[in-house]
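>>> model this:
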Amino acid sequence: MGGTRMDDSENPLEINVTAMVDVIFCLCIFFMCSFHFKQLEGKIDAWLPDGKGPRDLPVREVILEEIRLFMSWDSASNRTVRKVGNRPPVGSDAELVSTLRTLAEDYKKAGRDIPVLIDSRAEVPWQDVVGVLDLCMKEKIGKIEFAEPLESALPRRAN
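Residues are numbered from 1 along each chain as shown. All right, here's what the predicted structure looks like:
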């Protein structure tokens, strides 16, 4: 006969693969259900002595923020509005110098350079920006930088 039919004599042992797959599947489910993940979030192991900590230590370094001067153009009053940080707008040059001196004292006490960031809109005339630069130079503030305007701190333009 020319066929390739298998006889029982060629495959003496039959293996029931279905039962073996069922057992392996049950073992996988058992190990997955009994496995516990280590929870790292929400737990911090700390061994600090009672009554001691950062409250008892003197402050080593004061964190000082930059002095940011916002400049925008107010078309209603036809003038430049100047604000230092989130303080109310300053009107005169004397007010601006007084505010800068007050902020600069903290930097001088810490022994650091006084960084002033000028955050000016494109509508502000250059003579006003140069005027602020002159005031900073008269106050011996040498570290002056120009920053990209923060839209949230300046008033919106009327369209």
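>>> Identify the residues contacting the helix or strand where K109 lies?
Using DSSP states H and E, K109 sits within helix 93-110. By Cβ atoms under 8 Å, 6 or more residues apart in numbering, the surrounding residues in contact with helix 93-110 are 61-62, 64, 67, 69, 82, 84, 87, 90, 113-114, 116, 131-132, 135-136, 138-139, 141. (Glycine included, C-beta is placed from N, CA and C.)
>>> can we see that at 10 Å?
For helix 93-110, contacts defined as Cβ atoms under 10 Å, 6 or more residues apart in numbering pick out 61-67, 69, 82-85, 87-90, 92, 112-116, 131-132, 134-136, 138-141, 143.
>>> What's the local residue count around T80?
Neighbour count for T80, taken as other Cβ atoms under 10 Å: 20.
>>> measure the nearest residue to it once chain neighbours are set aside to N16 for me?
Computed as Cβ to Cβ, 6 or more residues apart in numbering, the closest residue to T80 that is not its neighbour in sequence is D128, at 4.3 Å. D128 sits at a distance of 90 Å from N16 (criterion: Cβ to Cβ, to the nearest Å).
>>> So these two - more neighbours on which side?
More crowded of D128 and N16, by other Cβ under 10 Å: D128, with 16 against 8.
>>> Buried ones in the helix or strand hosting the more buried one, by neighbour count?
According to DSSP H and E, D128 maps onto helix 126-138. Buried residues in helix 126-138, defined by neighbour count with 16 or more other Cβ atoms under 10 Å: D128, V129, V132, L135, C136.
>>> With pLDDT and distance to E148 as added columns, please give these in CSV.
Formatted as CSV, these follow (pLDDT from 0 to 100; distance: Cβ to Cβ, whole Å):
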residue, pLDDT, distance to E148
D128, 86, 18
V129, 85, 14
V132, 85, 17
L135, 84, 22
C136, 82, 19
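>>> Widest-spaced pair of these?
Pairwise distances across the buried residues of helix 126-138 (Cβ to Cβ) peak at 13.1 Å, for the pair D128 and C136.
>>> for the helix holding K109, which positions count as buried?
In helix 93-110, residues buried by neighbour count (16+ other Cβ under 10 Å) are L96, T99, L100, L103, A104, Y107.
>>> rewinding a little: neighbouring strands - and their directions - for the helix or strand that the helix holding D128 is followed by?
Using DSSP H and E, the helix or strand that follows helix 126-138 in sequence is strand 143-146. Paired strands of strand 143-146, with direction, are strand 115-120 (parallel) (DSSP bridges).
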